[in-house]
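>>> sequence first, then the predicted structure, then my questions.
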Amino acid sequence: MAQQAHSHSDRRADMLSVEQALARIISFVPVLPAETKPILDALGQVLAEDIVSPINIPPWDNTGMDGYAVRSQDIASASSGSPRILKVIGVIAAGQMPDKQIEPGTAIRIMTGAPIPPGADAVVAFEETDEVERKAAGKALHEIAIRKAERARANVRPAGEDVRRGEVVLAKGTLLSAAVVGVLASVGRATVQVIRRPVVAILSTGDELQQPGEPLGEGRIYDANGASIAASVLKAGGVPKLLGIARDSLADVNAKISEGLQADLLLTSAGVSTGDYDFVKDVLAQRGSIEFWSVRMRPAKPLAFGLLKSPAGGTVPHVGLPGNPVSALVAFEQLVRPAILKMHGRTQFARPVVEATLEDDIENYDGRRVYARVLVTKRDGVFYARSTGPQGSNVLTPLSRANGLAICPEDVPALRRGQRAQVQLLDMPEGGVV
Ligand code: AMP
Ligand code: MG
């Protein structure tokens, strides 16, 4: 017993915490340089320039209603019982500039978005006039009865209300959402400078692996990690470059890794657990500086990280993910996704976390941080987290049903049903957690 406890704590001392591993990886990945792109292609990227508006938006005072542009003082006593009759001297549609001035006793018919003519200071909506009755009676709109005393500025949208000329409308570092793309368009930009997306090379390793789409050979399994890691890279805003499968041979691993050295980041999976596949380590160590870490987490304890020498004379960061499909994805989630986010200029790396009541126990056998695959639901304002199935790191389908990872801290031997736990929310379904 005493012996076991001793070796246990020794092993723990060698292990990095998730935070330590993440800090090291993050410190070695750069923020990438900017590129210029059409605004729509830059959706999901981060601005590399401040956007200064060359114009006012709106450019001039304009009407927020279809109605009549008037002098508010002319209609100060108008009411439905005692309407004020004004002479209609013209019409302005959106896109037209006024060519007449409003004189006392006159009005101009005006459509939403059209500029307010000089002399006018308010707009009266059609509904507050007798326009409908006049039209129904077949009368021409030479004059109009105003039934409401609108005050000065009523229904007038002021010039520069949204954006002022010379103002920084979007700061460097802003993530391009649909609305941000809209703001860029509204100030007249067709292209924009954004931080480029990282190209992430992905290599699966193992003699047992086979590409999906082919009949499964004896002793083989399909390569799940290539697809799931590539999908995770896409979701994190990177550009996956699939290198396929390297066989467990020095020559093949060397050749495939060479193809990955053009990328901004290289991810491999498998071959990082103890012993059997040391030659993968050898290849990596020969070609750069590689460290093998034990990270104090479950799943995904074994992890490799290093910098590989690139032919261009620089280095390419490399993360060697574990082979088990759940381990690969949980390690990606905790340690690689933040690195990809940093590379393309993002500054918020953490997933949203909620506190949820557990509907199943989480066991922690050996003092690591456990990430349990759970489905988070919300009932009567309370979050609940239910296990989505067997928690082995080789069992992938429970992760496919999960929307969260419930955390049992390193020093907590178990969290029981009914206890509260922190849960990282993964891909949020439309409408949030329900
Ligand atoms: P290894 O780290 O090479 O010992 O792999 C650990 C486990 O993960 C083994 O059971 C492998 O068969 C499995 N594995 C490795 N790579 C993949 C992959 N790309 N897709 C599915 N399972 C994998
Ligand atoms: Mg293997």
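Looks like it arrived, so ask away. Ligands and ions are numbered 1, 2, ... in the order given.

>>> tell me what the residue in the stretch 51-200 of the chain positioned nearest to ligand 2 is bridged to.
The nearest approach of the stretch 51-200 of the chain to ligand 2 comes at Val200, 20.8 Å away (C-beta to the ion). Where C-beta positions appear, they are placed from N, C-alpha and C, glycine not excepted. With DSSP bridges as the criterion, Val200 is bridged to Pro240, Leu265.

>>> was I right to think it contacts Val233?
Yes - counting by C-beta atoms under 8 Å, Val233 is a contact partner of Val200 at 4.6 Å.

>>> find the residues that touch each one of the two.
Val239, Pro240, Leu267, Ile340 (C-beta atoms under 8 Å, 6 or more residues apart in numbering).

>>> Ile229: which of these is nearest?
Closest to Ile229 out of those is Leu267 (5.9 Å), distances taken as C-beta to C-beta.

>>> got a list of what that closest one touches?
Val200, Ala201, Ile202, Leu203, Ile229, Val233, His318, Val319, Gly320, Leu321, Phe332, Val336.

>>> could you redo the last one with a cut-off of 10 Å?
By C-beta atoms under 10 Å, 6 or more residues apart in numbering, Leu267 lies in contact with 200-204, 225-226, 229-230, 232-233, 238, 240-241, 243, 260, 317-321, 328, 331-332, 336, 339-340.

>>> just for the stretch 251-400 of the chain, where's the confidence low?
Across the stretch 251-400 of the chain, the stretches falling below the confidence threshold (pLDDT under 70) are 274-279.

>>> what sits against the closest residue to ligand 2 within it?
The nearest approach of the stretch 251-400 of the chain to ligand 2 comes at Ala270, 4.1 Å away (C-beta to the ion). For Ala270, the contact set (C-beta under 10 Å, 6+ apart) comprises 203-206, 208-209, 223, 225, 245-246, 248, 277, 280, 302, 320-325, 327-328.

>>> same question for Met343.
Residues in contact with Met343 (C-beta under 10 Å, 6+ apart) are 26, 29-32, 195-200, 236-238, 264-265, 317.

>>> let's go with 8 Å and repeat that
Met343 sits next to Val29, Pro30, Val31, Leu32, Pro198, Gly238, Asp264, Leu265 when contact means C-beta under 8 Å, 6+ apart.

>>> strands - which of the residues you listed land there?
Leu265 (DSSP state E).

>>> only the buried subset of the contacts of Met343, as a PyMOL command please.
Command for PyMOL that selects the buried part of these, burial taken from 16 or more other C-beta atoms under 10 Å:
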select buried, resi 29+32+198+238+264+265
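
>>> save the contacts of Met343 as TSV, and put in distance to Arg346 too.
Below are those laid out as TSV (distance: C-beta to C-beta, whole Å):
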residue	distance to Arg346
Val29	12
Pro30	13
Val31	9
Leu32	11
Pro198	11
Gly238	11
Asp264	14
Leu265	14
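
>>> also near ligand 2: which of the contacts of Met343, exactly?
Filtering the contacts of Met343 for proximity to ligand 2 by C-beta under 5 Å from the ion leaves nothing.

>>> nearest to ligand 2 within the protein, name that residue for me.
Nearest residue of the chain to ligand 2, counting by C-beta to the ion: Gly206, 3.7 Å away.

>>> nearest residue to that residue other than its sequence neighbours?
Ala270 (5.1 Å; C-beta to C-beta, 6 or more residues apart in numbering).

>>> Ala154 now?
Using C-beta to C-beta, 6+ apart and skipping residues adjacent in sequence, the residue nearest Ala154 is Ala122, 4.4 Å away.

>>> between the shared contacts of Val200 and Val233, which has the most around it?
Highest neighbour count within these: Leu267, with 32 neighbours (other C-beta atoms under 10 Å).

>>> sweet, I'm off.
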